[in-house]
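Trainee: Here is a sequence with its predicted model. Questions after.
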Amino acid sequence: MDDQSVKDQLLDAALMHVPFDGWGQATFDAAVTDAGIDPALARAVCPRGAVDLALAYHQRGDDEMVRRIHDEDLSAMRFRDRVAAAVRFRIEAADDKEIVRRGTTLFALPQYAGDGARAIWGTADRIWTTLGDRSDDVNWYTKRTILSGVYSATVLYWLGDESEGNQATWEFLDRRIDNVMQFEKVKGKLRENRAFTTVFAGPLALLDKIRAPMRVPDDLPGQWPGQQ
């Protein structure tokens with residue numbers, strides 16, 4: 001049995017405990033017992049215990065989102081609607097609001113905030129990549145940064161949404177996507193403004209040198225041209 005299979009079994013066993021005990025040691029210990037996994041093997045696969053399971057849960061949601069994007073016919077949609085649909089698919093991939101709420105609490109802790117930020121960034125990256133984003137300059141970063149904010153805000157709204165079918169959440173999401181599109185239009189107009197490009201010629205030239213990261217394991221957030 002490979003490491004991923006072990007982690008999947010532990011995660012499946014943990015999910016029934018998370019709403020009551022959170023993503024903590026009690027949940028991890030219960031998952032190990034329920035799944036019948038040797039404790040030493042479980043700890044080797046998940047060195048940080050339930051934290052690793054929480055990240056695996058987030059990854060599973062991302063995988064489900066990508067599957068739905070591929071399965072659904074989004075070709076007739078405007079691109080902004082495809083992005084909104086992807087965010088909705090990602091939120092709908094969650095099994096239980098309480099499980100997500102417990103994860104939000106976990107990754108709000110200072111020692112795990114970096115893990116949470118990387119997970120959200122990873123979700124935004126997978127949305128853009130799956131939808132065919134080809135940017136390889138500073139726009140690669142701005143798209144993912146902005147979408148990370150949209151996704152985070154929408155999840156927090158969804159956690160408190162009691163409307164039928166979470167309709168209020170999807171309306172909130174549409175408003176946030178509209179805000180993003182308005183920002184992109186303003187950014188484009190500024191780029192076309194001669195006075196603006198003249199005044200900020202230096203900073204714009206610097207930004208033009210930024211490139212998207214290479215697709216290699218554990219790469220840095222970005223790199224300058226010529227760096228390996």
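Mentor: That came through fine. Every value quoted in this text rests on a predicted model; they were computed, and no experiment measured them. Numbers count the residues shown, from 1 in each chain.
Trainee: Where does the prediction get shaky in the protein?
Mentor: For the chain, applying pLDDT under 70 flags the ranges 183-212, 214-228.
Trainee: And the helices in it?
Mentor: Assigned by DSSP state H, the helices in the chain fall at 3-14, 18-21, 25-35, 39-45, 50-71, 79-92, 97-106, 113-130, 138-159, 167-192, 194-199, 201-208.
Trainee: what residue is smack in the middle of the protein?
Mentor: In the chain, the C-alpha nearest the mean C-alpha coordinate belongs to Thr123, at 2.3 Å (C-alpha atoms, centre = their mean).
Trainee: Look up how far Leu10 lies from that residue.
Mentor: Per C-beta to C-beta, to the nearest Å, Thr123 is found 22 Å from Leu10. (C-beta placed from N, C-alpha, C; glycine too.)
Trainee: swap in Arg144?
Mentor: Distance from Arg144 to Leu10, counting by C-beta to C-beta: 30 Å.
Trainee: go on, Asp63?
Mentor: Counting by C-beta to C-beta, the gap from Asp63 to Leu10 is 17 Å.
Trainee: Between these two, which is the more surrounded one?
Mentor: Higher neighbour count among Asp63 and Leu10: Leu10, with 26 against 12, using other C-beta atoms under 10 Å.
Trainee: so what's the nearest residue to that one once chain neighbours are set aside up against?
Mentor: Residue nearest to Leu10 in three dimensions, not counting chain neighbours: Ala31, with 4.8 Å by C-beta to C-beta, 6 or more residues apart in numbering. Neighbouring residues of Ala31 by C-beta atoms under 8 Å, 6 or more residues apart in numbering: 10-11, 13-14, 17, 37, 42, 50, 53.
Trainee: now, among the residues you listed, which is nearest to Val87?
Mentor: Checking these against Val87 with C-beta to C-beta, the nearest one is Leu11 at 23.0 Å.
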